[in-house]
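Peer 1: here you go, sequence then predicted model.
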Amino acid sequence: MVRIGILGATGAVGQRLIQLLDPHPDFEIAALTASPDSAGKPYRQAAKWRADSPIPANVADIEVVETAPAAIPDDVPLLFSSLPSSVGAEVEPTLAEAGYVVSSNSSNARMDPDVPLVIPEVNPDHVDVLEVQRDERGWDGALLKNPNCSTITMTPTLAALDEFGLESVTVATLQAVSGAGYSGVTSMEIIDNAVPHIGGEERKMESESRKLLGSFDGAEIELHGMDVAASCNRIPTLDGHLENVWAETRETVTPDEAAAAMAAYPSAPLPSSPEEFIHVFEEPDRPQPRLDRNLGNGMAVSAGGFRATSDGIQYNCLAHNTIRGAAGASVLNGELLVEEGWV
């Protein structure tokens, strides 16, 4: 059993991490960190709990500490980070330098050449970038990232299509309000409305997907050569990012071939990876957020609505943005780090 800590444990993603990690077959929650205002309080007092299940009894009385190496016990080797990126950019390298291995959902450093950006079912070999990271930075610990929630929804489906030679991708997202955090979008902004801009989201999708599908030669990651263009929109659903994807491929691909490639795409041999990684719907009006976001306990990706275009394929895909797209992605990466001997 690996003792683990959660950084930013009082926030929305931190609460999801607690839900997913208690209980867990390989991990024991042993440390919770938050802002100085919360430090010194038991978790049940520090957190305004909004998750859809009670605070686990053995977590409720853990004393919250500040997010700093001196406050985290030495026998907690693996940390899951849900820190705001501005805080993560400062704290995560300090923790890695101090010897902790950090599996982070924060957006800082995702595109740094020596920081692996990983979806275990897609590019588990990229975890070996940590060897380069340790050599270059002199760290005893390590820092690994999972991608943005909208990128996680789309990229596994693209990985399945890459056998046909991906050349360009256009995507329009319909993203749930939970992706902005509890207070990120007010009710007056989003009810009876759609917001056709999410700051920085397009850039993340366009760059992160190319890194995830790139190749690692033992020294550096070469980005995938496809062109990616994204338009990101906020809509009034609670959870589940739905995305409309147009993929141009070098080889001709039929809707049936695209659907079969996704349905056959393998899952990962990790405790939190779903048995069926990409669920393919035959119905033209699926997937839908309310109906399909919880497939595979929220860890699956789903796809449907396949049709041929003049130079490729069009389809829709969906994933639960705070489970597969955030907390669950970090947990999977933590499991991979243990499986590969980095923890």
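Peer 2: Cool, got the structure. Numbering: from 1, shown residues only.
Peer 1: would you check how far apart residue 242 and residue 303 are?
Peer 2: Distance, residue 242 to residue 303, by CB to CB, to the nearest Å: 11 Å. Heads up, the C-betas are built off the backbone N, CA and C, glycines and all.
Peer 1: just checking, residue 306 touches residue 317?
Peer 2: No. Contact criterion CB atoms under 8 Å: residue 306 and residue 317 do not qualify, at 10.6 Å.
Peer 1: wait, isn't residue 263 in contact with residue 282?
Peer 2: No. Between residue 263 and residue 282 there is no contact under CB under 8 Å: 10.4 Å.
Peer 1: who has more neighbours, those two?
Peer 2: residue 263 (14 against 9; other CB atoms under 10 Å).
Peer 1: contact partners for residue 276?
Peer 2: Listed by CB atoms under 8 Å, 6 or more residues apart in numbering, the contact set of residue 276 reads 267, 295-296, 300.
Peer 1: quick one: average pLDDT of stretch 143-157?
Peer 2: Throughout stretch 143-157, pLDDT has a mean value of 98.
Peer 1: can you give me the end-to-end distance of that stretch?
Peer 2: Using CA to CA, to the nearest Å, one end of stretch 143-157 lies 26 Å from the other.
Peer 1: which parts of that stretch are buried?
Peer 2: Neighbour-count burial for stretch 143-157 flags 143-157 (criterion: 16 or more other CB atoms under 10 Å).
Peer 1: now do that stretch: distance to the chain's middle.
Peer 2: 5 Å (CA atoms, centre = their mean, to the nearest Å).
Peer 1: domains in this protein, as residue ranges please.
Peer 2: 2-147+326-339, 149-320 (automatic domain parsing).
Peer 1: picking up where we left off before, shared neighbours of residue 242 and residue 303, anything?
Peer 2: Common contact partners of residue 242 and residue 303 (CB under 8 Å, 6+ apart): 287, 316-318.
Peer 1: which among these gets closest to residue 17?
Peer 2: residue 318 (21.8 Å; CB to CB).
Peer 1: which of the buried residues of stretch 143-157 fall in helices?
Peer 2: Those of those mapping onto helices are 149-157, per DSSP state H.
Peer 1: contacts only, for residue 172.
Peer 2: 230-233, 243-244.
Peer 1: which parts of the stretch 101-250 of the chain are helices?
Peer 2: 129-137, 149-161, 187-190, 201-212 (DSSP state H, counting those that start in this stretch).
Peer 1: and the shortest one, how far out from the chain's middle?
Peer 2: Taking CA atoms, centre = their mean, one finds helix 187-190 lying 26 Å from the centre of the chain it belongs to.
Peer 1: which elements pack onto that helix?
Peer 2: Here helix 187-190 touches no other helix or strand, going by 3 or more CB pairs under 8 Å, 6 or more residues apart in numbering; DSSP states H and E.
Peer 1: now do that helix: everything it contacts.
Peer 2: With CB under 8 Å, 6+ apart as the test, helix 187-190 has contacts from 177, 195, 234-236.
Peer 1: between those residues, which is nearest residue 136?
Peer 2: residue 234 (37.8 Å).
Peer 1: what is the burial count for that closest one?
Peer 2: Neighbour tally, residue 234, other CB under 10 Å: 23.
Peer 1: what about it, distance to residue 266?
Peer 2: Residue 234 sits 33 Å away from residue 266, going by CB to CB.
Peer 1: neighbours of residue 321, just the number please.
Peer 2: Neighbours around residue 321, by other CB under 10 Å: 27.
Peer 1: on the three-state scheme, residue 315 is what?
Peer 2: Three-state call for residue 315 (DSSP: H, G, I helix; E, B strand; the rest coil): strand.
Peer 1: can you give me the strands in this protein?
Peer 2: Ranges of strands within the chain are 2-7, 27-34, 65-66, 78-81, 101-104, 142-145, 166-175, 215-216, 221-222, 227-234, 241-249, 278-280, 301-309, 312-319, based on DSSP state E.
Peer 1: would you give the sheet partners of the third one, along with the direction of each?
Peer 2: Strand pairing for strand 65-66, determined by DSSP bridges: strand 27-34 (parallel).
Peer 1: coming back round to it: more crowded one of residue 242 and residue 303?
Peer 2: Legend: neighbour count by other CB under 10 Å for residue 242 and residue 303, higher for residue 303 (28 against 24).
Peer 1: quick check: bridge partners of the residue lying closest to that one once chain neighbours are set aside?
Peer 2: Distances taken as CB to CB, 6 or more residues apart in numbering place residue 317 nearest to residue 303, at 4.5 Å, with adjacent residues excluded. With DSSP bridges as the criterion, residue 317 is bridged to residue 243, residue 303.
Peer 1: quick check, nearest of the ones in helices among the buried residues of stretch 143-157 to residue 252?
Peer 2: Of all these, residue 157 has the smallest distance to residue 252: 18.0 Å, by CB to CB.
Peer 1: per-residue confidence averaged over stretch 191-202?
Peer 2: Regarding stretch 191-202, the rounded mean pLDDT is 96.
Peer 1: mind listing what's buried in it?
Peer 2: 195, 198, 201-202.
Peer 1: let me have the helices of the stretch 101-250 of the chain in TSV, extended by distance to residue 103.
Peer 2: Formatted as TSV, the helices of the stretch 101-250 of the chain follow (distance: least, CB to CB, whole Å):
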stretch	distance to residue 103
helix 129-137	11
helix 149-161	14
helix 187-190	31
helix 201-212	16
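Peer 1: if anything else comes up later, I'll come back, but that's it for now.
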